[in-house]
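Peer 1: kindly return the folded structure for what I paste below:
(chains A and B)
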Amino acid sequence: MGATDRNPSNSSYYVTNDFYAKLVADFEGWDLESRRIDEGPSLVRARSILFREARYLDQDRLRDWLTLFSPECAYWIPGTRNRGDPRREIAFAFHDRRQLEDRVYRLETGFAWSQTPVSRTSRMITNIEVFDTDEPGVTMVRSNFQVTEYWNGQIRFWTGYAVHRLAPESGDDLGVGAILAKQVNLIDCDENHRNPSITL
Amino acid sequence: MTGDGTAFDFDALIHEDKVHRSLYTNPAIFDRELTRIFGGTWVYLAHESQIPEPDSFFRTRLGLRPIIMVRDGDGVIRALYNRCTHRGATVCRAAQGTAKSFACPYHGWTFATSGKLLGVPWREGYAHDHRQEDQFNLAQVPRVESYRGFIFGTLNMDAPALADHLGPVRGPIDDWLDRNPGGKLVLSEANRMRFKGNWKLAYDNSADGYHVIFSHRSLLMMENRFAGDDPKGMSFYRQRPDSGRVRVYYFGNGHHFKDKRPTLADGPGAIWRIEGLHPGMEGYESEIRERYGARADAMLDLAGSIPMNINIFPNLLILGNHIQVLEPLSYNETATTWYGTAIVDDEDELDGAADLINALRMRTQEQFPIFGEVDDLTNFEEIQAGLGAEEDPWVYMDRGLGLPDRFTEKDGVVSGPATDEVFMREYMKHYKTLMAADPELSISRGGHD
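Peer 2: Okay, here's the model as predicted:
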């Protein structure tokens, strides 16, 4: 298998059983008081990445948004309150790198009727807390969000908390490739949603 | 004139080639559907895997009636009304779980999972013993029957047996199940959606092969962005659809079926070959091929979406590997829940491959709801908006009507090209019959001793 065959933008070899197992473990029990480092450079960086992500999404700059994710990333919106294991249950959304790009590609076709016209959004990101992990420099960032969406003449809200697993700081102050994994926990993840087509 | 004093001339509203907007916009017609259809005929309620053991329950609705599906302490499947026989409050407020009994939070009346009244607090304050009187047991759907794991109920004692009601649509259901180990599937959570539109807009769409390349154009482009000469997903609709191999069948009693399997190549691996691109696909495929060799193709087919749409009137749509359930909420609002399914390999027919297959299968099931259904739901909402035009009331379903040699009819089963609206016309005839009838609806009190 040549290196080009393993480009995660057009193939998916890295989402293996071990990848899922690690993902589920990484997103379990990370929010210990003893792990909190929510001050100083870690907090400043996390806040900067999260705010930039929210701005890109609000400005419909989806290609810029994609740059924030690492090549072998996970994007996970659980469909149940206990989050479950994505190997055994359907998620609200579970994307690898390629499918994140699929999402953007579809919205750019001009034929995604659920986003014609495009929703306007305004995101509040608050309550940011940073936790360290067993992997040097890798942090878990918890934040609350409220996305106000204006679509089809109506205002509605998407509310919950997100957990970002961030790669060690690389000196790239634009946050390129920083998001290893993002979990979006909607307070109503197990409810029937009208037109769930915006990017959270 | 109907039993409730409301006059509807369904012959004027439902024609061979068109139906009137009021079927989708009139709240009084919706109210009538809640008895004539949701109650008057067999309605899907739950899947047996949602209530797997005695004392497990799952909350749902029959039309707007709040229902608790239970497997009682003796293992009997029941559909209890979630309505205290005292003042009417719901007695079960959890979505699902297990319970030995249901205690009403309002005044503490307690019921067994069989529906039988167990206790009334401070009974000495009553001049009678409610437990001796049948009407204080929870109401329940008097007829509850399963077909291969799918549980249905009706309030109409004159309805035929479930198996007869399903009739020939049992064939595709059997095929859909029998490809899996043990002929069995379990539900594995869901993509849950709703739309501001009438429930029939979704049922009209369920076997519609005409909308696919238009409504799902963005998805088709997306799933083929790397495909080259090897088209993926629903690409077969791009071929000459009127003469293509996809056929639509009408089976009677409102049930229909769009069979896309004739587009598959022969042999194992054909389903997997047209599957779109999903997370983990190449990695899992390599692992399965490495471990299972010649058996891998057939295993991968189990992770792929079987190209069948089986539509059981009025609310159960089996498509791909999904079980989609429609719930009418109002004349202009509908919940649509896309339950995923997982294989269960009790006999280990797959030599330990089931977990790998299911991990892939979860991802193959998420793509259509997220990137396809959302566009349909938007179009349904825009139909509902368009039907605000009172002076332009007709909704057409005449594709194929009147063309010579377009359809075949054999043993009461009508079939035609996948893009024809013949299934809509046929199910609307059945709908008309149901809506014009006045069935006697009844409840049971459980037949307790």
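Peer 1: which bits of the stretch 1-150 of chain B sit near chain A?
Peer 2: Proximity of the stretch 1-150 of chain B to chain A, by CB under 8 Å from any CB of the partner chain, involves residues B:Ala95. Quick note: C-beta positions are derived from backbone N, CA and C, even for glycine.
Peer 1: what is the neighbour count of B:Ile173?
Peer 2: Neighbourhood size, B:Ile173 [other CB atoms under 10 Å in any protein chain shown]: 21.
Peer 1: for the helix or strand harbouring it, the distance to its chain's centre please.
Peer 2: For B:Ile173, the host element (DSSP states H and E) is helix B:170-178. Mean C-alpha position of helix B:170-178 versus that of the full chain (CA atoms, centre = their mean, to the nearest Å) differs by 15 Å.
Peer 1: and the closest residue to B:Ile310 other than its chain neighbours, bridged to which residues?
Peer 2: Closest residue in space to B:Ile310, ignoring its immediate chain neighbours: B:Ile318 at 4.1 Å, by CB to CB, 6 or more residues apart in numbering or on different chains. Beta bridges link B:Ile318 to B:Ile310, B:Ile323 when assigned by DSSP bridges.
Peer 1: pretty sure B:Ile318 contacts B:Val325?
Peer 2: No: in this structure, B:Ile318 is not within contact of B:Val325 by CB atoms under 8 Å, at 10.1 Å.
Peer 1: which one of those two has more residues nearby?
Peer 2: Higher neighbour count among B:Ile318 and B:Val325: B:Ile318, with 24 against 20, using other CB under 10 Å.
Peer 1: what does the model give the more buried one for pLDDT?
Peer 2: Note for B:Ile318: predicted pLDDT of 98.
Peer 1: A:Asp172 too?
Peer 2: 71.
Peer 1: check the one 5 residues further on too.
Peer 2: Looking at A:Gly177, its pLDDT is 96.
Peer 1: name the SS class of it, please.
Peer 2: For A:Gly177, the secondary-structure state derived from DSSP: H, G, I helix; E, B strand; the rest coil is coil.
Peer 1: any idea how many residues pack against it?
Peer 2: A:Gly177 has 15 neighbouring residues, counting by other CB under 10 Å.
Peer 1: quick one, what contacts it?
Peer 2: A:67-71, A:167, A:170 (CB atoms under 8 Å, 6 or more residues apart in numbering or on different chains).
Peer 1: make a markdown table out of those residues and add neighbour count, distance to chain B and secondary structure.
Peer 2: Below are the contacts of A:Gly177 laid out as a markdown table (neighbours: other CB atoms under 10 Å in any protein chain shown; distance: CB to the nearest CB, whole Å; DSSP: H, G, I helix; E, B strand; the rest coil):
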| residue | neighbour count | distance to chain B | secondary structure |
| --- | --- | --- | --- |
| A:Thr67 | 16 | 19 | helix |
| A:Leu68 | 21 | 19 | coil |
| A:Phe69 | 24 | 13 | strand |
| A:Ser70 | 17 | 15 | strand |
| A:Pro71 | 12 | 14 | strand |
| A:Ala167 | 18 | 20 | coil |
| A:Ser170 | 11 | 25 | coil |
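Peer 1: and these, which is the shakiest by pLDDT?
Peer 2: Scanning the contacts of A:Gly177 for pLDDT, the smallest score is found at A:Ser170, 86.
Peer 1: how far away is it from B:Gly88?
Peer 2: 62 Å (CB to CB, to the nearest Å).
Peer 1: next, B:Arg291: secondary structure please.
Peer 2: helix.
Peer 1: tell me the confidence at it?
Peer 2: pLDDT recorded at B:Arg291 is 97.
Peer 1: mind listing what it touches?
Peer 2: B:Ala353.
Peer 1: go on, B:Glu145?
Peer 2: Counting by CB under 8 Å, 6+ apart, B:Glu145 touches B:42, B:151-153, B:161-163.
Peer 1: pLDDT below threshold where in chain B?
Peer 2: Applying pLDDT under 70 to chain B flags residues B:1-6, B:236, B:238-239, B:449.
Peer 1: helices of chain A, start to end?
Peer 2: With DSSP state H as the criterion, chain A has helices at A:17-26, A:40-58, A:62-67, A:97-108.
Peer 1: name the helices or strands packed onto the longest one?
Peer 2: If contacts are counted by 3 or more CB pairs under 8 Å, 6 or more residues apart in numbering or on different chains; DSSP states H and E, helix A:40-58 sits against helix A:62-67, strand A:120-132, strand A:139-151, strand A:154-166.
Peer 1: tell me the angle of that helix relative to strand A:139-151?
Peer 2: Computed with axes from the mean of the first three to the mean of the last three CA atoms, to 10 degrees, the direction of helix A:40-58 lies at 20 degrees from that of strand A:139-151.
Peer 1: please work out the average pLDDT along helix A:40-58.
Peer 2: For helix A:40-58, the per-residue pLDDT values average out at 96.
Peer 1: quick one, it and strand A:154-166 angle?
Peer 2: With the same axes, to 10 degrees applied, the angle from helix A:40-58 to strand A:154-166 works out at 140 degrees.
Peer 1: relative to strand A:120-132, how tilted is helix A:40-58?
Peer 2: Using the same axes, to 10 degrees: helix A:40-58 against strand A:120-132 is 160 degrees.
Peer 1: now what about helix A:40-58, what contacts it?
Peer 2: For helix A:40-58, contacts defined as CB under 8 Å, 6+ apart pick out A:37, A:61-62, A:64-65, A:68, A:121-123, A:125, A:128, A:130, A:132, A:139, A:141, A:143, A:145, A:162, A:164, A:166, A:169, A:173-175, A:178-179, A:199.
Peer 1: buried ones among the residues you listed?
Peer 2: A:62, A:64-65, A:68, A:121, A:123, A:125, A:128, A:130, A:132, A:139, A:141, A:143, A:145, A:162, A:164, A:166, A:175, A:178-179, A:199 (16 or more other CB atoms under 10 Å in any protein chain shown).
Peer 1: the spatially closest residue to B:Asp11 that is not a sequence neighbour and chain A, how far apart?
Peer 2: Closest residue to B:Asp11 apart from its sequence neighbours, by CB to CB, 6+ apart: B:Lys432 at 7.7 Å. As for B:Lys432, its distance to chain A is 29 Å (criterion: CB to the nearest CB, to the nearest Å).
Peer 1: residues in contact with the nearest residue in space to B:Leu64 that is not next to it in sequence?
Peer 2: Closest residue to B:Leu64 apart from its sequence neighbours, by CB to CB, 6+ apart: B:Leu34 at 6.0 Å. Contacts for B:Leu34 (CB under 8 Å, 6+ apart) come out as B:63-64, B:328.
Peer 1: which helix or strand contains B:Leu34?
Peer 2: Going by DSSP H and E, B:Leu34 is part of helix B:27-36.
Peer 1: mind listing what's buried in that helix?
Peer 2: For helix B:27-36, by 16+ other CB under 10 Å, it's B:29-30, B:32-33, B:35-36.
Peer 1: also stretch B:251-271?
Peer 2: Quick answer for stretch B:251-271 (16+ other CB under 10 Å): B:251-260, B:263-264, B:269-271.
Peer 1: export it as PDB, just CAs?
Peer 2: Output of stretch B:251-271 as PDB, limited to C-alpha atoms (Å, rounded to 0.1, in the frame of the first residue of the first chain):
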ATOM      1  CA  PHE B 251     -49.100  -5.500  -2.300                       C
ATOM      2  CA  GLY B 252     -52.600  -4.400  -1.100                       C
ATOM      3  CA  ASN B 253     -53.700  -2.900   2.300                       C
ATOM      4  CA  GLY B 254     -51.400   0.100   1.700                       C
ATOM      5  CA  HIS B 255     -48.100  -1.800   1.600                       C
ATOM      6  CA  HIS B 256     -45.600  -1.300  -1.100                       C
ATOM      7  CA  PHE B 257     -42.100  -2.200  -2.000                       C
ATOM      8  CA  LYS B 258     -39.300  -0.800  -4.200                       C
ATOM      9  CA  ASP B 259     -36.900  -3.500  -5.100                       C
ATOM     10  CA  LYS B 260     -33.400  -2.300  -6.100                       C
ATOM     11  CA  ARG B 261     -31.800  -5.600  -5.900                       C
ATOM     12  CA  PRO B 262     -32.000  -6.400  -9.600                       C
ATOM     13  CA  THR B 263     -29.400  -3.700 -10.100                       C
ATOM     14  CA  LEU B 264     -26.800  -5.600  -8.100                       C
ATOM     15  CA  ALA B 265     -24.100  -7.700  -9.700                       C
ATOM     16  CA  ASP B 266     -24.200 -11.400  -9.100                       C
ATOM     17  CA  GLY B 267     -22.500 -13.100  -6.200                       C
ATOM     18  CA  PRO B 268     -21.200 -12.100  -2.800                       C
ATOM     19  CA  GLY B 269     -19.700  -8.700  -2.400                       C
ATOM     20  CA  ALA B 270     -22.200  -7.000  -4.800                       C
ATOM     21  CA  ILE B 271     -23.900  -5.000  -2.000                       C
END
